[in-house]
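Enquirer: How does the following fold in three dimensions:
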Amino acid sequence: MPEMTLDRSLMTHFATLEDPRCPLKRRHNLLDMIVIAIAATLGGADGWVQIAEFGRSKEAWLRQFLELPNGTPSHDTFGRVFSVVDTEAFEACFRDWVEAIRVVISGEIIAIDGKTLRRSHDRGKGLAALHLVSAWATANRVVLGQVATEAKSNEITAIPQVLALLHLQGCIVTIDAMGCQTAIAEQIVAQGGDYVLALKGNQSTLAAEVEEAFIEADAREYAEVASEVLETREQGHGRRETRRYRTLGDLSGVPRSALWKAMDMIGMVESEREINGVITREIRFYIGSIGTDVETFAHAVRGHWGVENQLHWSLDVSFNEDHSRVRDPEARENLALIRRIALTRLQHDDSKLGIQSKRMKAAWNEPYLTKLVFEAPKITPRKAASKDSNIRKM
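Expert: Numbering: from 1, shown residues only. This is a model prediction of the structure:
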């Protein structure tokens, strides 16, 4: 195997993963299989059959970097091996890799959100579709950690597990209404972070108090209270959207705020959207521990919305994740993590192409594939969207 002057950081982080197979029955190295699966996923493969075929077609290229003592594995071998690889250990290797490439940013928005792999269920065996709760660093555009459940309703128990995996010091954690729980807020603060949590029916009394507090403050024109407002307008492709972000630091009208650790503000977002002449309006309420700086509040809210486009949409559209039929409980979770490795690498490649085009290029262009697999990505944190549109503070 020729020596190459390449950064092998990805291989280094996964080399520590314990191989659960009997040593006498191992025909293929576990690390070889992991690298093949990642390379194949980068190159457009979406399941074990395609991963195995990619490995066969790229065997000469793979032998420059891997031992491959018995050639490349079959799709059955990939399925069997990844069904016995410990999911928590595999995810821990992934987190170590992410921490090695991530840029630490003060005030980073970490969005906690769930996604269901819709076709990963097996009704015959009573296996529900896999639901993954992920932590997404919005500026770095990387998944920091994830925990699997078998139902969206289990997010309340999964979120504390995800948070426990993370370094939250100096970060702002955003969660939708499912995670608006006093224990979760307390855990975030205990780990050194701040929070912005969406309010809905699961906290109906608190939501009613927050709404009433804004109504009363508005009636007084926000006189003599800590409050700021920011308005943004966006227009394009037949769509026009106006958002008004409002913060309020006076919690005297929110008695239940005393139950929430470090809570010092409430927030409101009023949005008006016009598409082809049809206007829709929506008001959302939030609680937080970030103070009343409205730009910080708007950045946190917009950052959380971005997880849908930057992570979930990309996985579905560019990696066909919703159509994956891998059903083994461990194998489907491990393959989902491989997709996130590939997405992270592609999002931080500087080629001026979309994700799908980058995957095609990786399949066709071996020097490009070598760069993606064996060179560490250079993460350039994404700046916050412009926040200077019609700012009015009170």
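Enquirer: From here on, just use CA atoms for contacts and neighbour counts.
Expert: Fine.
Enquirer: in the protein, which ranges drop under the pLDDT threshold?
Expert: Flagging of the chain using pLDDT under 70 yields the residue ranges 1-8, 150-153, 383-394.
Enquirer: got a list of what the residue lying farthest from the centre of the chain touches?
Expert: Most distant from the centre of the chain: R220, at 40.4 Å, with distances by Cα atoms, centre = their mean. Under the criterion of Cα atoms under 8 Å, 6 or more residues apart in numbering, the contact list for R220 is empty.
Enquirer: Pull up the gap between it and I266, please.
Expert: 17 Å (Cα to Cα, to the nearest Å).
Enquirer: How about F90?
Expert: With distances taken as Cα to Cα, F90 is found 39 Å from I266.
Enquirer: more neighbours, those two?
Expert: A count of neighbours by other Cα atoms under 10 Å puts I266 above the other of F90 and I266, at 30 against 20.
Enquirer: Would you check that that one makes contact with G249?
Expert: Yes. With contacts defined as Cα atoms under 8 Å, I266 counts as touching G249 at a distance of 6.6 Å.
Enquirer: Name the nearest residue to G114, sequence neighbours excluded.
Expert: Using Cα to Cα, 6 or more residues apart in numbering and skipping the chain neighbours, the partner closest in space to G114 is V133 (4.1 Å).
Enquirer: ok, now G107?
Expert: Of all residues not flanking G107 in the chain, C171 sits nearest, at 4.6 Å (Cα to Cα, 6+ apart).
Enquirer: correct me, but that neighbour touches G193?
Expert: Yes. With the criterion set as Cα under 8 Å, C171 and G193 qualify as a contacting pair; they are 5.1 Å apart.
Enquirer: need the contact list for the residue nearest to G107.
Expert: Counting by Cα under 8 Å, 6+ apart, C171 makes contact with 106-110, 192-194.
Enquirer: Need those in CSV (columns: neighbour count).
Expert: Listed next are these as CSV, based on neighbours: other Cα atoms under 10 Å:
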residue, neighbour count
S106, 10
G107, 17
E108, 23
I109, 29
I110, 31
G192, 13
G193, 22
D194, 26
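Enquirer: which ones are touching the residue nearest in space to the middle of the chain?
Expert: Nearest to the geometric centre of the chain sits W136, at 3.3 Å (Cα atoms, centre = their mean). Under the criterion of Cα under 8 Å, 6+ apart, the contact list for W136 reads 110-113, 142-145, 307, 311.
Enquirer: Direction included, what does whichever strand or helix holds it pair against?
Expert: For W136, the element it lies in under DSSP states H and E is strand 131-137. In the sheet containing strand 131-137, the strands it pairs with under DSSP bridges are strand 109-116 (antiparallel), strand 142-149 (antiparallel).
Enquirer: now stretch 276-287: how far from the chain's centre is it?
Expert: From the chain centre to the centre of stretch 276-287 is a distance of 25 Å (Cα atoms, centre = their mean, to the nearest Å).
Enquirer: D96 and H13 touch, don't they?
Expert: Yes. With the criterion set as Cα under 8 Å, D96 and H13 qualify as a contacting pair; they are 6.6 Å apart.
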